[in-house]
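# Here is my input, please return the structure:
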Amino acid sequence: MALGFGARLNITITPSDVGKRVTTRRRVPEGFRDAVGELEFWRDGVLGVRKRDGTLVEIGEETLAAAKVVQEPRPPRA
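As a prediction, this is how the structure comes out:
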């Protein structure tokens, strides 16, 4: 008996989530790329995600495979 695992990919963000922390997965020729950060803008079919290192990732809406709002990371314990 072979076990199979599958992931359900959902896009649950909307333009109203601008300003929130999101995680995204998009299709690229090599497979998939992920970006996690603040959703800075969503206009004309392009999303802008500002990563922690300051890099702005521009993502074409049509390439999104999955995306959701994520909670802010918890501060480290003292």
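# Work out which residue lies at the spatial centre of this structure.
Thr24 (1.5 Å; C-alpha atoms, centre = their mean).
# Would you confirm that that one contacts Val49?
Yes: counting by C-beta atoms under 8 Å, Thr24 touches Val49, with 6.1 Å between them. C-betas here are computed from N, CA, C, even on glycine.
# okay, and the common contacts of these two?
Ala35, Val36, Ile59 (C-beta atoms under 8 Å, 6 or more residues apart in numbering).
# Only whichever of the residues you listed are buried, select them in PyMOL.
Selecting the buried subset of the shared contacts of Thr24 and Val49 in PyMOL, with 16 or more other C-beta atoms under 10 Å as the burial test, is done by:
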select buried, resi 35+59
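# In strands, which of the shared contacts of Thr24 and Val49 appear?
Ala35, Val36, Ile59 (DSSP state E).
# Can you mark which positions in stretch 40-58 are buried?
Trp42, Leu47, Gly48, Val49, Arg50, Val57.
# what does that stretch contact?
Contact partners of stretch 40-58, identified using C-beta under 8 Å, 6+ apart, comprise 14-15, 17-18, 22, 24, 35-39, 59-62, 64.
# Nearest residue to the residue nearest to the centre of the chain in space, please, no chain neighbours.
Using C-beta to C-beta, 6 or more residues apart in numbering and skipping residues adjacent in sequence, the residue nearest Thr24 is Ala67, 4.4 Å away.
# OK, contacts around the one you found?
Ile11, Thr12, Ile13, Val22, Thr23, Thr24, Arg25.
# Which strand residues bridge the residue nearest to the centre of the chain?
Under DSSP bridges, the beta-bridge partners of Thr24 are Ala35, Ala67.
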